[in-house]
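Asks: Here's a sequence, model it:
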Amino acid sequence: MSEYILSIDQGTTSTRAILFDHSGSIVATGQLEHRQILPRAGWVEHDPMEIWDNTREVIGQALSKANVTRHDVKAIGITNQRETAVVWNRSTGAPIYNAIVWQDTRTQSIVDRLAAGDVDRYKSRVGLPLATYFAGTKIVWILENVDGAREAAEAGDLMFGTTDSWVLWNLTGGPDGGVHVTDVTNASRTLLMDLVTLDWDDEILSDFAIPRSMLPDIRSSSEIYGYASTHSLLREVPVAGILGDQQAATFGQAAFDKGQSKNTYGTGNFLIVNTGEQIIPSKNGLLTTVAYKLGDAQPRYALEGSIAVTGSLVQWLRDNLGIIHSADEVESLARSVPDNGGIYFVPAFSGLFAPYWRPDARGAIVGMTRFATKAHLARAAIEATAFQTQEVLEAVNHDMGENIVELKVDGGMIANELLMQFQADLIGVPVVRPRVAETTALGAAYAAGLAVKFWSDLDELRDKWQEKKRWVPSMEADERARRLRLWKKAVTRSFDWVDEDTEKQ
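Replies: Modelled structure (predicted):
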């Protein structure tokens, strides 16, 4: 009998279930998109019940396509959009508000209040600046703005989780014995976990006025947390791996060792470099986070450069402007012109994340003339992803004290060869695509498989990584410097847009 690992990939725009065999190859996939709820400018929400319903359905799709049953599935791994906050009732399982998504900026006033002029107030403990990006301030907003939430939380009636915890709790029974757990990688994105103790920080919880009873237990990234409930198609299958999506992609790229890195091109871009057992505070606008923790072993840490808007910029061209009908059209449209026509597009729709951390920034398109066409705009949008990545990689090199010699890439946008070549040209080192591009789901599968001995150790997983394609830099150094100078000039034009007057709109 063949055996498989099933990975649940709960992402920002969709939920997928992917079956992997022992070679790490994809056997079958189920996928459903969920709605992006945008109540007002800067607010981004998801319906947690829609996510859970979709999770159940995509599991059925994957099992059906592969013609397998729960008896063929050795373990379940979960990976998820990080920082997105769900708060639900412990007894009924009903969310008390929509999930507030990582891109959401509504909590800026809470950030300002907690920071009291110092956004790095907790950074030495949690590795993160105070910012709207992270889950902690989203919990505060729900407690302060949803009727009855504060009282229910103080009474112990509410539970919080990032979407890994939400899926796990429901998968293992929900109100009927569901397991309330998260892993160290997701906990490290809340602003609430001490990087050394790997536990919730009581002083920070007090400052945020978040009852500890709301929070899940923090576990490693690879262990058996519980078993799928009797109501699930996967009943009695162990859930044995959890990794936040970017850490999962790093794990799936077999970047297990200090100095190894990857860059994921998805809704946003996320560059992670493994720093081993060492916690390295960033001096260049990066985040210090947990890379993974396997069972009782010591945790591995990482530096991360987070970029809010990359793939979602292409979606914006499609959905908001209508200049393309599908995301894959953007490359052919961009290739119809030889260059960007002098246009630079800074997609600061949620402010700017790494390395600037400017919540006052907003999107800017500069260099427009009557010569410009929608093709130039499409090319500038593609190039924006590469420019932002270059700046983050530059920060990584400074913090690490050494230059990365190649960049492993994954995510949906790596199918765009124009982007990949331009990326290599800008960073001046090769860009490398793996054979299995679905590294996020693969990383969660690896974590679960290690816990149940489906795979023996990290060496076995290293041996499975294979290169599929490599892009080598071809741009002259002077031209690279010119492009980067103009990009940095464009970025400054996005600063200082948000003030009290714009917030009233």
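Asks: Below-threshold pLDDT in the stretch 401-505 of the chain: ranges please.
Replies: Scanning the stretch 401-505 of the chain for pLDDT under 70 picks out the ranges 500-505.
Asks: do that again at 90, thanks
Replies: 401-406, 410-413, 435-439, 464-466, 498-505 (pLDDT under 90).
Asks: What residues of stretch 410-429 count as buried?
Replies: 410-414, 416, 418-427, 429 (16 or more other C-beta atoms under 10 Å). C-beta here means a position set from N, CA and C on the backbone, and glycine is covered the same way.
Asks: And the helices in the stretch 51-200 of the chain, which stretches?
Replies: 108-115, 123-126, 135-145, 149-154, 163-171, 184-187 (DSSP state H, counting those that start in this stretch).
Asks: how about the ones you listed, which one is nearest residue 9?
Replies: helix 163-171 (10.2 Å; C-beta to C-beta).
Asks: Just the residues contacting the closest one, thanks.
Replies: 8, 10, 48, 51-52, 55, 76, 78-81, 84, 86, 88, 93, 99, 159, 161, 178-183, 186, 216, 225-226, 228-229, 232, 234, 239, 242, 244 (C-beta atoms under 8 Å, 6 or more residues apart in numbering).
Asks: chain center to that helix: distance?
Replies: Distance of helix 163-171 from its chain centroid, counting by C-alpha atoms, centre = their mean, to the nearest Å, is 17 Å.
Asks: what is the mean pLDDT for it?
Replies: On average, the pLDDT along helix 163-171 is 97.
Asks: Next: stretch 142-155.
Replies: 96.
Asks: just to revisit the earlier point, residue 69 is nearest to which of the helices of the stretch 51-200 of the chain?
Replies: It is, among the helices of the stretch 51-200 of the chain and with distance given as C-beta to C-beta, helix 163-171, at 16.7 Å.
Asks: what residues are up against the closest residue to residue 235 other than its chain neighbours?
Replies: Nearest residue to residue 235 in three dimensions, chain neighbours excluded: residue 228, at 5.2 Å (C-beta to C-beta, 6 or more residues apart in numbering). By C-beta under 8 Å, 6+ apart, the residues touching residue 228 are 70, 76, 171-172, 234-237, 239.
Asks: let's go with 6 Å and repeat that
Replies: Taking C-beta atoms under 6 Å, 6 or more residues apart in numbering, we find residue 228 in contact with 171, 234-235, 237.
Asks: Residue 430 now?
Replies: By C-beta under 6 Å, 6+ apart, the neighbours of residue 430 are 406, 470, 472.
Asks: circling back: among the contacts of residue 228, which one lies nearest to residue 390?
Replies: Using C-beta to C-beta, the contacts of residue 228 come closest to residue 390 at residue 171, 39.6 Å.
Asks: burial of the closest one, as a residue count?
Replies: Counted with other C-beta atoms under 10 Å, the neighbours of residue 171 add up to 28.
Asks: before we move on, what about the one 3 residues further on?
Replies: Residue 174 has 16 neighbours, counted by other C-beta under 10 Å.
Asks: do you know how far the closest residue to it other than its chain neighbours is from residue 176?
Replies: Counting by C-beta to C-beta, 6+ apart, residue 93 is the residue found nearest to residue 174 once chain neighbours are left out, at 4.5 Å. From residue 93 across to residue 176, the span is 9 Å (C-beta to C-beta, to the nearest Å).
Asks: and what of residue 473?
Replies: For residue 473 relative to residue 176 (C-beta to C-beta), the value is 56 Å.
Asks: Have a look at the two and say which one is more surrounded.
Replies: Higher neighbour count among residue 473 and residue 176: residue 473, with 17 against 10, using other C-beta under 10 Å.
Asks: so the more buried one touches residue 426, yeah?
Replies: No: at 8.3 Å, residue 473 does not count as touching residue 426 under the criterion of C-beta atoms under 6 Å.
Asks: Now, of the contacts of residue 228, which are buried?
Replies: Among the contacts of residue 228, those that count as buried by neighbour count (16+ other C-beta under 10 Å) are 171, 234, 237.
Asks: Out of these, the closest to residue 257 would be?
Replies: Closest to residue 257, out of all of the buried ones among the contacts of residue 228 and judged by C-beta to C-beta, is residue 237, at 30.9 Å.
Asks: residue contacts, the spatially closest residue to residue 5 that is not a sequence neighbour?
Replies: Spatially, and ignoring its direct neighbours in sequence, residue 5 is nearest to residue 445 (4.2 Å; C-beta to C-beta, 6+ apart). Residue 445 sits next to 5, 7, 20, 77 when contact means C-beta under 6 Å, 6+ apart.
Asks: which of those residues sit farthest apart?
Replies: Among the contacts of residue 445, 20 and 77 lie farthest apart (C-beta to C-beta), at 9.0 Å.
Asks: Which residue of these two possesses the greater neighbour count?
Replies: Using other C-beta under 10 Å, the more surrounded residue of residue 20 and residue 77 is residue 77, with 31 against 26.
Asks: Is the more buried one bridged to anything, and to what?
Replies: Per DSSP bridges, the residues bridged to residue 77 are residue 7, residue 241.
Asks: quick one: it from residue 412, how far?
Replies: Counting by C-beta to C-beta, the gap from residue 77 to residue 412 is 20 Å.
Asks: again with residue 193
Replies: 29 Å.
Asks: Now for the protein: which helix has the highest residue count?
Replies: Once the chain is assigned using DSSP state H, the helix that runs over the most residues is helix 374-400.
Asks: chain center to it, what's the gap?
Replies: That offset, for helix 374-400, works out to 17 Å (C-alpha atoms, centre = their mean).
Asks: The helix or strand that comes right after that helix pairs with which strands, parallel or anti?
Replies: Going down the chain from helix 374-400, the next helix or strand is strand 407-410, by DSSP states H and E. The strands that strand 407-410 pairs with in its sheet are strand 261-265 (parallel), strand 431-434 (parallel) (by DSSP bridges).
Asks: what does strand 407-410 rub up against?
Replies: 249, 253, 262-264, 431-433, 437, 439.
Asks: the helices in the stretch 251-400 of the chain, which residues?
Replies: Under DSSP H, counting those that start in this stretch, the stretch 251-400 of the chain gives helices at 311-316, 329-335, 374-400.
Asks: wait, which of the ones you listed is closest to residue 131?
Replies: Among those, helix 374-400 sits nearest to residue 131 (C-beta to C-beta), with 15.4 Å.
Asks: That closest one packs against which elements?
Replies: In terms of contacts (3 or more C-beta pairs under 6 Å, 6 or more residues apart in numbering; DSSP states H and E), helix 374-400 is packed against strand 269-276, strand 300-307, helix 329-335, strand 344-346, helix 417-427.
Asks: Since that was my last question, I'll sign off now.
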